[in-house]
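Q: Here you go, sequence then predicted model.
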Amino acid sequence: PKGTAQPFWKAVHAGAARAASEADMEIQWIGPENEDDRKQQIDVVQNFIAGHVDAIVLAPLDEVALVAPVELAAKRNIPVVIIDSDLKSTAQRSFVATDNLQGGRDAARELGRMMGGKGKAIMLRYNPGSASTDNRERGFLDEMKASFPDIRMVSDNQYAGVTKQAAMEASQILLNKFGGEIQGIFCPNESSTFGMMRALENSGLAGKISFVGFDTSGGLLDGLRAGTIQALISQDPFDMGYQGVKTAVAAIKGEAVPERISTNLAVVRLDNLDSPEISKLVNPDLSGM
């Protein structure tokens, strides 16, 4: 995984464990605590190669920095399946992930509708080098420009950083500068969304600005119920982990595997939060970890 601290990765782990159990395979779940430790993730992959594992399932925290170790694994005939965030390489056997461009477009359509197609908005980016969130941000901005030309993005070049604390501090700076004039906010992942949620609460702006975030941890769902967040774009991290390991097992057996496998996306609002379909998506079974 990119990291182990965020709830998203716990759901990925649970899905991976389910697939491993079904295939009678052993998995080793090792990753950096936070999503900015490129060296540690590179070291983990290199240690897996040195340990002659049968396959690697990897969520690269940097689309360039992890290319060399993945290509080394391929040269050693260790199949690699990339999940969550793309890699600038062709050495991997398969890529299992959310359609992140589409997720960004969905967020823009939801926020634009809430804003009535006019006004001012900000987007707080996540972290440089993360392909998944880069695509969400690009999809959001492209859709805003195409579908809501009367919405002006007054800030879209600031980064939250990889921790909730850093995200809250970056969010507070933006709200101090723009909080009195904006009608909409978008954040592209769990930690940036959580940090912005806390900054809105601390600034007395909770519920006064339309806010669309990404991912569905327990804390973010609480924010949705409280009205601080109006919508969340939900991935399916459990299925991502499940499909990642399932595809790796097929590659170990010499079977042909799809080049690209897309996992689920859904827009979660208060009015559909308790539906069976959304409830299953946002409350994955973590018992198998």
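A: That came through fine.

Q: so which helix or strand takes in Val12?
A: Taking DSSP states H and E as the criterion, Val12 maps to helix 7-23.

Q: hang on, isn't Ile209 packed against Phe178?
A: No. Using C-beta atoms under 8 Å, Ile209 makes no contact with Phe178, being 9.6 Å away. C-betas here are computed from N, CA, C, even on glycine.

Q: Compare neighbour counts for these two and give me the winner.
A: The neighbour count for Ile209 versus Phe178, taken as other C-beta atoms under 10 Å, is higher for Ile209 (23 against 16).

Q: related to what we said a few turns ago, pull out the buried residues from the helix holding Val12.
A: Using 16 or more other C-beta atoms under 10 Å as the test for burial, helix 7-23 gives 7-20, 23.

Q: same thing with stretch 192-204?
A: Buried positions in stretch 192-204, judged by neighbour count with 16+ other C-beta under 10 Å: 192-200.

Q: Restricted to strands, list the residues you listed.
A: Counting by DSSP state E, no part of those is found in strands.

Q: Need those in a markdown table (columns: pLDDT and distance to Gln235).
A: As requested, the buried residues of stretch 192-204 are exported to a markdown table (pLDDT from 0 to 100; distance: C-beta to C-beta, whole Å):
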| residue | pLDDT | distance to Gln235 |
| --- | --- | --- |
| Ser192 | 97 | 14 |
| Thr193 | 98 | 12 |
| Phe194 | 98 | 15 |
| Gly195 | 98 | 19 |
| Met196 | 98 | 18 |
| Met197 | 98 | 18 |
| Arg198 | 98 | 22 |
| Ala199 | 98 | 23 |
| Leu200 | 98 | 23 |
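
Q: Ala231: which of those residues is nearest?
A: Ala231 lies nearest to Thr193 out of those, by C-beta to C-beta, at 10.8 Å.

Q: Please tell me how far that closest one sits from Pro60.
A: Computed as C-beta to C-beta, to the nearest Å, the Thr193 to Pro60 distance reads 22 Å.

Q: Kindly report the same for Lys120.
A: As judged by C-beta to C-beta, Lys120 and Pro60 stand 35 Å apart.

Q: More neighbours: the two, which one.
A: Neighbour totals were compared for Lys120 and Pro60, and Pro60 leads with 30 against 15 (other C-beta under 10 Å).

Q: correct me, but the more buried one touches Lys88?
A: No. Contact criterion C-beta under 8 Å: Pro60 and Lys88 do not qualify, at 9.3 Å.

Q: Name the residues of stretch 84-91 that are buried.
A: 84-87, 89, 91.

Q: cool, and stretch 170-180?
A: Neighbour counts over stretch 170-180 (16+ other C-beta under 10 Å) mark 170-172, 174-175, 178-179 as buried.

Q: export those to CSV and tack on pLDDT, distance to Pro237 and secondary structure?
A: Shown next, in CSV, are these (pLDDT from 0 to 100; distance: C-beta to C-beta, whole Å; DSSP: H, G, I helix; E, B strand; the rest coil):
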residue, pLDDT, distance to Pro237, secondary structure
Ala170, 98, 24, helix
Ser171, 98, 23, helix
Gln172, 98, 28, helix
Leu174, 98, 27, helix
Leu175, 98, 29, helix
Phe178, 98, 31, helix
Gly179, 97, 31, coil
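
Q: Between the residues you listed, which sits nearest Asp106?
A: Nearest member of the buried residues of stretch 170-180 to Asp106, counting by C-beta to C-beta, is Ser171, at 21.7 Å.

Q: Cool, thanks, talk later.
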